[in-house]
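S.K.: Structure here, sequence nowhere to be found:
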Ligand SMILES: Nc1ncnc(NCCc2cnc(NC(=O)Nc3cccc(C(F)(F)F)c3)s2)c1Br
């Protein structure tokens with residue numbers, strides 16, 4: 001049941017601020033709700049784009065999924081409204097912006113920082129999987145940081161409410177596991193693979209199977225052609241966790257619960273964020 005009656009929002013309820021970034025299908029702005037003075041992010045999506053790419057069902061699914069999710073590491077979707085040509089998503093504002101900017105700026109993260117983000121992601125994904133939601137598009141661009149530097153998973157535009165195996169292709173290849181790249185049936189374990197990719201990228205600054213062309217990346221993913229550069233020096237425990245996640249056979253990937261019990265996470269993750 002709804003705690004408050006569904007409020008019909010409109011653009012005149014908001015004062016629009018600076019642009020936050022150009023996302024897919026539209027831009028994002030900071031905005032202030034005039035009555036409460038509450039700061040939000042407003043994502044504009046052009047209707048003709050949704051019509052052109054026939055993705056109404058994806059957007060509707062995102063809204064259904066997102067409004068039912070409540071977790072400290074998942075960006076809130078408070079509601080939405082539309083005018084003649086645009087759809088507006090009213091989103092929680094992440095003050096410190098996109099994690100990938102931090103990654104590009106610093107080159108790579110410390111083991112403590114990386115482990116803290118992986119633990120937050122694992123907690124958020126465990127919550128999603130409990131609700132039968134697979135995100136399927138976890139990548140640095142979809143990870144935001146709030147004013148305390150706490151990680152927030154955003155953009156459930158590719159997520160699915162999954163009871164059965166999925167077959168849809170989505171996202172950039174770098175983060176996709178073999179079963180998705182091969183366009184085979186896939187399940188929750190895709191997110192476990194992606195955690196391995198992200199852990200590697202947080203520690204080295206780029207994803208493990210990056211290559212000049214998509215087909216080379218495809219080949220490297222299928223072979224799980226993984227190597228650890230000598231710099232920056234990474235602990236054996238970190239490498240062990242990555243090796244336990246980037247496993248071809250999805251049933252052999254470390255479970256989300258086991259990730260949280262892994263020595264590298266126990267030793268390095270900051271449990272307060
Ligand atoms: N600092 C910040 N603080 C808060 N937010 C920020 N950026 C917005 C992050 C997003 C959260 N949720 C999103 N959702 C979609 O974009 N959905 C979407 C859009 C088009 C089509 C489709 C679909 F049709 F394909 F599903 C689905 S974008 C930033 Br930067």
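M.R.: Here it is on my side, so go on. These figures come from a predicted structure and were not determined experimentally. Numbers count the residues shown, from 1 in each chain.
S.K.: Angles on the backbone of the nearest residue to residue 68 once chain neighbours are set aside, please.
M.R.: Closest residue to residue 68 apart from its sequence neighbours, by C-beta to C-beta, 6 or more residues apart in numbering: residue 131 at 7.0 Å. To be clear about C-beta, it is placed using only N, CA and C from the backbone, and glycine gets the same treatment. Here is the backbone geometry of residue 131 (degrees, to the nearest 10): phi -90, psi 20.
S.K.: burial measure for residue 131, as a count.
M.R.: A count of nearby residues for residue 131, using other C-beta atoms under 10 Å, gives 11.
S.K.: Could you check how far it is from the ligand?
M.R.: With distances taken as C-beta to the nearest ligand atom, to the nearest Å, residue 131 is found 17 Å from the ligand.
S.K.: can you check residue 184 too?
M.R.: As defined by C-beta to the nearest ligand atom, residue 184 lies at a distance of 23 Å from the ligand.
S.K.: That residue: what secondary structure?
M.R.: Here residue 184 takes the coil state, with states given by DSSP: H, G, I helix; E, B strand; the rest coil.
S.K.: Check what pLDDT it gets.
M.R.: Each residue has a pLDDT score; the one for residue 184 is 76.
S.K.: Confirm for me that residue 239 is in contact with residue 226.
M.R.: No. Counting by C-beta atoms under 8 Å, residue 226 is not a contact partner of residue 239; they are 9.5 Å apart.
S.K.: and the one helix or strand residue 57 maps to, what other elements does it pack with?
M.R.: Assigned by DSSP states H and E, residue 57 belongs to helix 56-68. Counting contacts by 3 or more C-beta pairs under 8 Å, 6 or more residues apart in numbering; DSSP states H and E, helix 56-68 is packed against strand 77-82, strand 160-161.
S.K.: any idea which helix or strand comes after the shortest one?
M.R.: Using DSSP H and E, the helix or strand that follows strand 160-161 in sequence is helix 178-181.
S.K.: Okay, buried residues for that next one please.
M.R.: Counting neighbours by 16 or more other C-beta atoms under 10 Å, one finds that the buried residues in helix 178-181 are 178-181.
S.K.: And stretch 229-241, by the same measure?
M.R.: Under the neighbour-count rule (16+ other C-beta under 10 Å), stretch 229-241 has 234, 237-239, 241 buried.
S.K.: The ligand contacts on the protein?
M.R.: Among all residues of the chain, those adjacent to the ligand (criterion: C-beta under 6 Å from any ligand atom) are 20-21, 23-25, 28, 41, 43, 45, 50, 55, 58-59, 62, 75, 89, 91, 93-94, 97-98, 144, 154-155, 157.
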